[in-house]
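Student: Structure here, sequence nowhere to be found:
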């Protein structure tokens, strides 16, 4: 069975109901397995690790500068792979969005500063 879900551009698409419940379950499992101590605070002093993660993440050169949330999603994805969780882009993005919104302003500011450092080193 499918139900229509309206997107932002008012196009109707058909998504199976069971896939939505599976995605929610995967997000909950991912959130339960993530070690928050490895995500906050970010590794500001290890530039080699940052470059390694960005090179694995980028399949083609990135034109836009990195933002704090972009780096946060990369770190959450790395932590999910360390926990042997499923590497579904949407599941990781939803979990990262949830964790980003639940984080404090100071924790977010660390990632924003890290993005500024990464963008300066890319030039």
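Tutor: Cool, got the structure. Keep in mind it's a predicted model, so treat the numbers as computed, not measured.

Student: what sits against residue 41?
Tutor: 107, 110 (CB atoms under 8 Å, 6 or more residues apart in numbering). (C-beta placed from N, C-alpha, C; glycine too.)

Student: looking at this, it is in a helix?
Tutor: No: counting by DSSP: H, G, I helix; E, B strand; the rest coil, residue 41 is not part of a helix but coil.

Student: any idea how far it is from residue 108?
Tutor: According to CB to CB, to the nearest Å, residue 41 and residue 108 sit 11 Å apart.

Student: Now residue 108: closest residue in space, sequence neighbours ignored.
Tutor: Counting by CB to CB, 6 or more residues apart in numbering, residue 68 is the residue found nearest to residue 108 once chain neighbours are left out, at 6.1 Å.

Student: same question, residue 23
Tutor: Spatial nearest neighbour of residue 23, excluding adjacent residues (CB to CB, 6+ apart): residue 91 at 6.0 Å.

Student: what's the average pLDDT for the helix or strand the one you found falls within?
Tutor: Applying DSSP states H and E as the criterion places residue 91 in helix 89-102. For helix 89-102, mean pLDDT rounds to 92.

Student: still on that earlier bit, these two touch, right, the residue nearest to residue 23 and residue 31?
Tutor: No: with contact defined as CB atoms under 8 Å, residue 91 and residue 31 do not form a contacting pair (10.0 Å).

Student: Who has more neighbours out of the two?
Tutor: Comparing residue 91 with residue 31 by other CB atoms under 10 Å, the one with more neighbours is residue 91, at 21 against 16.

Student: so what's that one up against?
Tutor: Contacts for residue 91 (CB under 8 Å, 6+ apart) come out as 23, 26, 27, 30.

Student: Count the residues that sit near residue 120.
Tutor: 9.

Student: so what secondary structure elements neighbour the host helix or strand of it?
Tutor: For residue 120, the host element (DSSP H and E) is helix 105-122. Packing partners of helix 105-122 (3 or more CB pairs under 8 Å, 6 or more residues apart in numbering; DSSP states H and E): helix 47-57, helix 68-82.
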